[in-house]
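Student: Take this sequence and fold it.
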Amino acid sequence: MSNDNVVNFDGRGFNWRKYTKIGIFFVIILVLLGVILFNLIVVKEGEYKVIRQFGEVVRIVKTPGLTYKVPFIQSVTTLPKYQMTYDVTEAEINTKDKKRMLIDNYAIWRIEDPKKMISNARTVEKAESRMEEFIYSVVRSELGQLNYDEIINDEKSSRGSLNDRITEKVNDLLGKDNYGIVVTDVRMKRTDLPAENEQSVFTRMISERESKAQEYLSMGDAEKNRIEADTDREVKELLAKAKAEAESIRADGEAEAAKIYNQAFSRDPAFYSMFRTLESYKKTINDETVIVLPSDSPYARLLMGYTD
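Tutor: Residues are numbered from 1 along each chain as shown. Below is the predicted model of the structure:
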């Protein structure tokens, strides 16, 4: 055996060429496995995988699972499939009654067609920027048809389904330009006034509240007077009715008493005459009374013991 192929270790021969080929084979296998694993793509729930070749979109994977890309010449990016929340930049608008106010909105949106979104907006950030422009335009148009009080006061509001109308119109604009995104909802987080207008509005609100309070007080006084008048009238009616009933009862009693007196005194007229005379003494005679009587007067006859 040639000395180039055999090297002795501990008296045994070792074939370097044979084991080198085996090592190279395993290295190639490992490299191939690495390339395959590196180019396998895991698609998760709630995301799109966008596969590009030399910058151009060649495939969009929407279904969760495993897929692949061609090594070295294809690249992959991820887009969210779930709904996202976007805070619209605070903006100033003019109401129908020519008042300025600050509107702070947020939008809930999602990517419906990734290919259209990439083709027309390129990135998520640019898609959000276009969506914000449309929202501001629609909100300014819709709120410009309402008075300030209708916007901030729910009791007087005629907004109705304002949020639904804004959402529908924004989606119409996005669909017309093929941006591939859909707005699920647009909501107002806050309505406020520019700093220079706040004090005048607060003063007006205080004045309105004081006027309303005075109106309530006046209504309360009027109601109080009405209740008092009704009560006084009812009391007078009850007293008059009670007095009339008392007079009727008294008259019936006096009539009954007179009847009884007549029945009693008719049995002994002399006693009745004496009783009436004595009763009259109670009213006409006291300790200082001096009486001069003719001898034939009833008083004198009684005092002298004559009864006939």
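
Student: tell me the contacts of the nearest residue to Arg140 once chain neighbours are set aside?
Tutor: Nearest-residue entry for Arg140: Ile93, 4.8 Å, with adjacent residues in sequence omitted and distances by CB to CB, 6 or more residues apart in numbering. From N, CA and C alone the C-beta is placed, and that goes for glycine too. Ile93 makes contact with 100-101, 103, 139-140, 143-144 under the criterion CB atoms under 8 Å, 6 or more residues apart in numbering.

Student: likewise Lys224?
Tutor: With CB under 8 Å, 6+ apart, Lys224 has no contacts at all.

Student: Sticking with it, tell me its helix or strand.
Tutor: Following DSSP states H and E, one finds Lys224 within helix 195-265.

Student: can you tell me the average pLDDT over that helix?
Tutor: The pLDDT scores in helix 195-265 average 85.

Student: Would you verify that Glu288 is located in a helix?
Tutor: No - counting by DSSP: H, G, I helix; E, B strand; the rest coil, Glu288 is not part of a helix but coil.

Student: for this protein, what spans make up the strands?
Tutor: 6-9, 12-15, 40-43, 47-53, 56-61, 65-68, 74-80, 84-87, 91-94, 100-111, 181-192 (DSSP state E).

Student: Next, format these as a markdown table and append mean pLDDT.
Tutor: A markdown table is the format used below for the strands of the chain (pLDDT from 0 to 100):
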| stretch | mean pLDDT |
| --- | --- |
| strand 6-9 | 44 |
| strand 12-15 | 56 |
| strand 40-43 | 83 |
| strand 47-53 | 91 |
| strand 56-61 | 89 |
| strand 65-68 | 84 |
| strand 74-80 | 89 |
| strand 84-87 | 94 |
| strand 91-94 | 85 |
| strand 100-111 | 90 |
| strand 181-192 | 88 |
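
Student: now the nearest residue to Ala91 once chain neighbours are set aside: how far from Leu173?
Tutor: Of all residues not flanking Ala91 in the chain, Tyr136 sits nearest, at 5.3 Å (CB to CB, 6+ apart). Tyr136 sits at a distance of 11 Å from Leu173 (criterion: CB to CB, to the nearest Å).

Student: same question, Asp296
Tutor: 131 Å.

Student: Which of those two has more residues huddled nearby?
Tutor: A direct count of neighbours by other CB atoms under 10 Å for Asp296 and Leu173 places Leu173 higher, at 17 against 8.

Student: how near is the closest residue to that one other than its chain neighbours to Leu102?
Tutor: Of all residues not flanking Leu173 in the chain, Phe134 sits nearest, at 4.5 Å (CB to CB, 6+ apart). Using CB to CB, Phe134 is found at 19 Å from Leu102.

Student: So which of these two has more stuff around it?
Tutor: Phe134 (22 against 15).

Student: thought the more buried one was touching Asp172?
Tutor: No - the pair Phe134 / Asp172 is not scored as a contact, 9.1 Å apart, by CB atoms under 8 Å.

Student: hey, what's in contact with both of Tyr136 and Leu173?
Tutor: In contact with both Tyr136 and Leu173: no residue, using CB under 8 Å, 6+ apart.

Student: Bridging across strands, which residues link to Arg110?
Tutor: Beta-bridge pairing for Arg110 (DSSP bridges): Val182.
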